[in-house]
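Peer 1: Return a 3D structure for these sequence lines:
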Amino acid sequence: QVQLVESGGGLVQAGGSLRRSCAASGRTVGSSAIGWFRQAPGKEREFHTAINWRADGTYYADSVKGRFTISRDNAQNTGFPQMHSLNPEDTAVYYCAAGTYGLDPSAYKYWGPGTQVTVSS
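Peer 2: Alright, predicted model coming up:
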């Protein structure tokens, strides 16, 4: 079993940045892709970023392309999403997940509990 622990959420002003992490424990996720999703109030969970296990493949949703970046350190079993130029529309609960590289939530077997990110105008 894999447990994912997220950190780095919080409150930030529009235009600001957040540096987040997603650490896995219980079993290595070195061979798994790591994906990030978010869910705003009243909306469905949506994909925004993924990185494959070799860290040579990344994918960004159009809504975050050019503003969010992603990296991972398999030795630490941790992924590092960086969020820049944040705006109030980025306010949501953010989830990391480990599984098969893809855009659909069903591709990911393990999920973190989610962290709140709030962007004030």
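Peer 1: list the contacts for Ser21?
Peer 2: Listed by Cβ atoms under 8 Å, 6 or more residues apart in numbering, the contact set of Ser21 reads 6-8, 78-81. Yep, even glycine has a C-beta here, placed from its N, CA and C like the rest.
Peer 1: That should have said Lys43, apologies.
Peer 2: Ala92.
Peer 1: does it count as helix, strand or coil?
Peer 2: coil (DSSP: H, G, I helix; E, B strand; the rest coil).
Peer 1: follow-up on the earlier one: could you export the contacts of Ser21 as CSV, including secondary structure?
Peer 2: Listed next are the contacts of Ser21 as CSV, based on three-state DSSP:
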residue, secondary structure
Glu6, strand
Ser7, strand
Gly8, coil
Thr78, strand
Gly79, strand
Phe80, strand
Pro81, strand
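Peer 1: from these, which would you call buried?
Peer 2: 6, 8, 78-81 (16 or more other Cβ atoms under 10 Å).
Peer 1: So which bits of the helix or strand of the chain with the lowest mean pLDDT are buried?
Peer 2: Counting by mean pLDDT, DSSP states H and E, the weakest-scoring helix or strand in the chain turns out to be strand 21-25, with a mean of 89. For strand 21-25, the neighbour count (16+ other Cβ under 10 Å) marks 21-24 as buried.
Peer 1: before we move on, what about stretch 9-17?
Peer 2: Buried-residue list, stretch 9-17, by 16+ other Cβ under 10 Å: 9, 12.
Peer 1: average model confidence for it?
Peer 2: Here stretch 9-17 scores 96 as its mean pLDDT.
Peer 1: ok, now stretch 86-99?
Peer 2: So the average pLDDT for stretch 86-99 ends up being 95.
Peer 1: Convert the C-alpha atoms of that stretch to CSV, please.
Peer 2: Extracted in CSV, the C-alpha atoms of stretch 86-99 (Å, rounded to 0.1, in the frame of the first residue of the first chain):
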residue,chain,number,x,y,z
LEU,A,86,-1.7,32.2,-9.5
ASN,A,87,-5.1,33.7,-10.0
PRO,A,88,-8.4,33.3,-8.0
GLU,A,89,-9.6,30.8,-10.6
ASP,A,90,-6.8,28.5,-9.3
THR,A,91,-8.5,28.3,-5.9
ALA,A,92,-9.3,24.6,-5.3
VAL,A,93,-8.4,21.5,-3.3
TYR,A,94,-5.4,20.0,-5.0
TYR,A,95,-4.7,16.2,-5.0
CYS,A,96,-1.7,14.2,-6.0
ALA,A,97,-2.0,10.7,-7.2
ALA,A,98,0.3,7.8,-8.3
GLY,A,99,-0.4,5.3,-11.0
